[in-house]
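In: Test case, fold it:
(chains A and B)
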2 protein chains.
Amino acid sequence: MDWLNAVRWDSNGLVPVIAQEQSTGDVLMFAWMNREALALTAEQGRAVYYSRSRGKLWHKGEESGHVQTVHEIRLDCDQDVVLLKIPQHGHEPGIACHTGRHSCFFSVLRDDAWQPVDPVLKDPETIYR
Amino acid sequence: MDWLNAVRWDSNGLVPVIAQEQSTGDVLMFAWMNREALALTAEQGRAVYYSRSRGKLWHKGEESGHVQTVHEIRLDCDQDVVLLKIPQHGHEPGIACHTGRHSCFFSVLRDDAWQPVDPVLKDPETIYR
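Out: Here you go, the predicted structure:
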């Protein structure tokens, strides 16, 4: 697949991925993909990431039901970062973060401290059983 | 600075940064910061990145005039990715990409190929002299 070869994979064979909610424009999370994950994401139309901590593919939503379908896959000018535009499924509003929040970027720098400013939409205990 | 210590810097002392335009929600670019870059960004209210290729700080807009001021600095749930919400200055609409485009993510995967779909707003030759 030529388009997969066009991606400039890093020394670990990975590419950083930004997941952006299509409807709101909110940046929901940041993760990594290897070649297989990106190929599966394009083929299945569902986000599949590569978990660096677990060393294996991570089908987003496989436990939580918080699946991300693919609206658009974009690549940056250096061909080394992917932007995934997604509808975030399984809850309304969408939950992408394992803390039960809409977005992983829920902390803001204020008064020289990181302050969580976005609400927990669902108790993580009830998301992952 | 405690808030700088709270960031989980990678083995190279860097953190990935997503720059998102405040007004439109568009993801404009992806770059890296080291501790000094993030400290300067917060202190000066202007985006300062760390160029991995040049091995030094990169004051965004220093050559192009396409400065990014800081609206908000966010950190993700794992404390290892920064989301920078910015007004993009120097051109209307904003140009963040060195190719003269609004966003670095101007290529979309269509028909098994990366296709540039966003226009060049300004000739790069006239941006960098």
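
In: where's the closest residue to chain B within chain A, which helix or strand?
Out: Per C-beta to the nearest C-beta, A:Gly25 is where chain A lies closest to chain B, at 2.8 Å. For glycine as for every other residue, the C-beta is placed from the backbone atoms N, C-alpha and C. Element membership for A:Gly25, per DSSP states H and E: none, as it lies in no helix or strand.

In: That one against B:Gln22, yeah?
Out: No - assessed by C-beta atoms under 8 Å, A:Gly25 is found out of contact with B:Gln22, at 10.6 Å.

In: pull the helix or strand with minimum mean pLDDT from chain A.
Out: Taking mean pLDDT, DSSP states H and E as the measure, the helix or strand of chain A with the lowest value is helix A:124-127, at a mean of 91.

In: Tell me how many other residues crowd the residue lying closest to A:Gln88 once chain neighbours are set aside.
Out: Sequence neighbours aside, A:Gly94 is the residue nearest to A:Gln88 in space, at 3.0 Å (criterion: C-beta to C-beta, 6 or more residues apart in numbering or on different chains). Residues within reach of A:Gly94, counting by other C-beta atoms under 10 Å in any protein chain shown, total 21.

In: A:Gly94 contacts A:His102, correct?
Out: Yes - A:Gly94 is in contact with A:His102 according to C-beta under 8 Å; the separation is 6.2 Å.

In: quick one: common contacting residues for the two?
Out: A:Leu28 (C-beta atoms under 8 Å, 6 or more residues apart in numbering or on different chains).

In: Poorly predicted segments of chain A, please.
Out: Scanning chain A for pLDDT under 70 picks out A:129.

In: which residues of it fall in helices?
Out: A:2-5, A:35-44, A:124-127 (DSSP state H).

In: With mean neighbour count and distance to B:Met29 as new columns, can these be given to me in JSON lines?
Out: Below are the helices of chain A laid out as JSON lines (neighbours: other C-beta atoms under 10 Å in any protein chain shown; distance: least, C-beta to C-beta, whole Å):
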{"stretch": "helix A:2-5", "mean neighbour count": "12", "distance to B:Met29": "21"}
{"stretch": "helix A:35-44", "mean neighbour count": "18", "distance to B:Met29": "20"}
{"stretch": "helix A:124-127", "mean neighbour count": "12", "distance to B:Met29": "32"}
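
In: which secondary structure elements does the least confident helix or strand of chain A contact?
Out: Applying 3 or more C-beta pairs under 8 Å, 6 or more residues apart in numbering or on different chains; DSSP states H and E, one finds that helix A:124-127 contacts no other helix or strand.

In: So what's the gap between that helix and the chain middle?
Out: Relative to its chain's centre, helix A:124-127 lies at 19 Å (C-alpha atoms, centre = their mean, to the nearest Å).

In: which residues are contacting that helix?
Out: Looking at what lies outside helix A:124-127 - C-beta under 8 Å, 6+ apart - the contacts are A:63-64, A:66, A:95, A:98-100.

In: do that again at 10 Å, thanks
Out: A:63-66, A:90-91, A:95, A:97-101, A:121 (C-beta atoms under 10 Å, 6 or more residues apart in numbering or on different chains).

In: from what I can see the residue nearest to A:Gln88 touches A:Thr69, true?
Out: No - applying C-beta atoms under 10 Å, one finds A:Gly94 not in contact with A:Thr69, separated by 11.1 Å.

In: joint contacts of those two?
Out: Contacts common to A:Gly94 and A:Thr69, judged by C-beta under 10 Å, 6+ apart, are A:86-88.
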